[in-house]
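Asker: Mind looking at a prediction? Sequence and model below.
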Amino acid sequence: MPEWPGNLPRNAFKQALVRCERQVGLWSGLANPIAAEILAGAGFDWIVIDGEHAPNDVSTLLPQLQAMRGGTAEPVFRVPWNDLVLIKRALDLGARSLLVPFVQNAEEARRAVAAARYPPLGIRGVAVVVRATDYGRTQNYHRNAHLDTCILVQVETRAALREIEAIAAVDGVDGVFIGPSDLAADLGHLGNSKHPDVQAAIQEAAQRIRATGKSAGTLASSAGDVESLFELGFNFTAVGSDVSILARNAESLAARFKKPQ
């Protein structure tokens, strides 16, 4: 094994995905650094900070990244869109693992990778004294940042499913994530990701992604589904969200003390 360059920190989550190892994660939509700090030390391998469907932007991302430093989980920021500027700003803040939504084909996957890499490998804008470089303290950061940057692309339509092999083959794509809710909607089963047609498509997608040698990921609708998803071929799976944990457990606790009507 070649020596790891300089003092660039290792992204253990990325390395695990390269080896297609099992990684268990959780979704975070509370947009709160205290919640992020609690989740980071809970024992998960990765935590998605959602910038697509939760009220997160760069101003809320930064304190959550700071709160998660030193935890067990790798922060994975889901950018709102496959956008050069959004990706650049998230990376400069130190979000070294990104989930890019609604990637439809190999060209869009290449666009996401290029946005996350400096020239000549990509088109990421260069800043020197930013959090990603530990404010200029990381040796040769710009030359080696791509070794530590993890890019996950989200496949969530029929059109994208047809392009899975081409998407997964893009150099710099570390994993392909199947979005069950949007896929269900596109297949004509809005709000019903358990429909047999949706489940069949998800199962086939996992097998096709893994056949390319890349990691396959998805979101489980319940903790009880996680093992079956691993058996289908997925190797990185989120088991729920902080919002649902808070909402359902709060409801359950309140229901214990409600008087019968």
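Answerer: Sure thing, it's come through. Numbering: from 1, shown residues only.

Asker: confidence score at Ala67?
Answerer: Predicted confidence (pLDDT) for Ala67: 98.

Asker: Show me what the helix or strand harbouring it is packed up against.
Answerer: Using DSSP states H and E, the element containing Ala67 is helix 58-68. Helix 58-68 is packed against helix 33-40, strand 46-50, strand 74-78, helix 84-92, with contacts defined by 3 or more Cβ pairs under 8 Å, 6 or more residues apart in numbering; DSSP states H and E. All C-beta spots, glycine's among them, are computed from the backbone N, C-alpha and C.

Asker: now the helix or strand following the longest one, how far from the centre of its chain.
Answerer: The one in question is helix 84-92. Sequence order places strand 97-100 as the next helix or strand after helix 84-92, per DSSP H and E. From the chain centre to the centre of strand 97-100 is a distance of 5 Å (Cα atoms, centre = their mean, to the nearest Å).

Asker: And the helix holding Ala67, what's buried?
Answerer: Neighbour-count burial for helix 58-68, counted by 16 or more other Cβ atoms under 10 Å, picks out Thr60, Leu61, Leu62, Gln64, Leu65, Ala67, Met68.

Asker: OK, contacts around the last one?
Answerer: Right, Met68. Contact analysis of Met68 by Cβ atoms under 8 Å, 6 or more residues apart in numbering lists Ala36, Glu37, Leu39, Ala40, Ile47, Pro75.

Asker: Wait, the fourth one touches Thr72, no?
Answerer: This means Ala40. Yes: using Cβ atoms under 8 Å, Ala40 is in contact with Thr72, at 6.8 Å.

Asker: Same drill for those two, tell me which one is more crowded.
Answerer: In terms of neighbours (other Cβ atoms under 10 Å), Ala40 is the more surrounded of Ala40 and Thr72; the figures are 23 against 15.

Asker: what's the pLDDT at the more buried one?
Answerer: We note a pLDDT of 97 for Ala40 in this prediction.

Asker: how far away is it from Gly94?
Answerer: Distance, Ala40 to Gly94, by Cβ to Cβ, to the nearest Å: 14 Å.

Asker: Could you pull out the strands in this protein for me?
Answerer: All strands of the chain, identified by DSSP state E, fall at 23-28, 46-50, 74-78, 97-100, 150-155, 175-178, 215-219, 236-241.

Asker: In its sheet, which strands sit next to the third one, and in what direction?
Answerer: Taking DSSP bridges as the criterion, strand 74-78 pairs within the sheet with strand 46-50 (parallel), strand 97-100 (parallel).

Asker: Just the CA coordinates for it, please, in PDB.
Answerer: Taking Å, rounded to 0.1, in the frame of the first residue of the first chain, the C-alpha atoms of strand 74-78 are listed here in PDB:
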ATOM      1  CA  GLU A  74     -19.200  10.200   8.700                       C
ATOM      2  CA  PRO A  75     -21.300  13.200   7.900                       C
ATOM      3  CA  VAL A  76     -22.800  12.800   4.400                       C
ATOM      4  CA  PHE A  77     -24.400  16.000   3.100                       C
ATOM      5  CA  ARG A  78     -27.200  15.600   0.600                       C
END
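
Asker: Verify the stated contact: Lys194 with Ser222.
Answerer: No: if you go by Cβ under 8 Å, Lys194 and Ser222 don't touch, sitting 10.0 Å apart.

Asker: and these two? which has more neighbours close in?
Answerer: Of the pair Lys194 and Ser222, Lys194 is the one with more neighbours under other Cβ under 10 Å, namely 12 against 9.

Asker: Quick one: residues contacting the closest residue in space to the more buried one that isn't next to it in sequence.
Answerer: Nearest residue to Lys194 in three dimensions, chain neighbours excluded: Ser221, at 7.0 Å (Cβ to Cβ, 6 or more residues apart in numbering). By Cβ under 8 Å, 6+ apart, the residues touching Ser221 are Pro180, Ser193, Lys194.

Asker: Identify the residues contacting the second one.
Answerer: Okay, so that is Ser193. Ser193 makes contact with Pro180, Ser181, Leu183, Ala184, Gln199, Ile202, Ser221, according to Cβ under 8 Å, 6+ apart.
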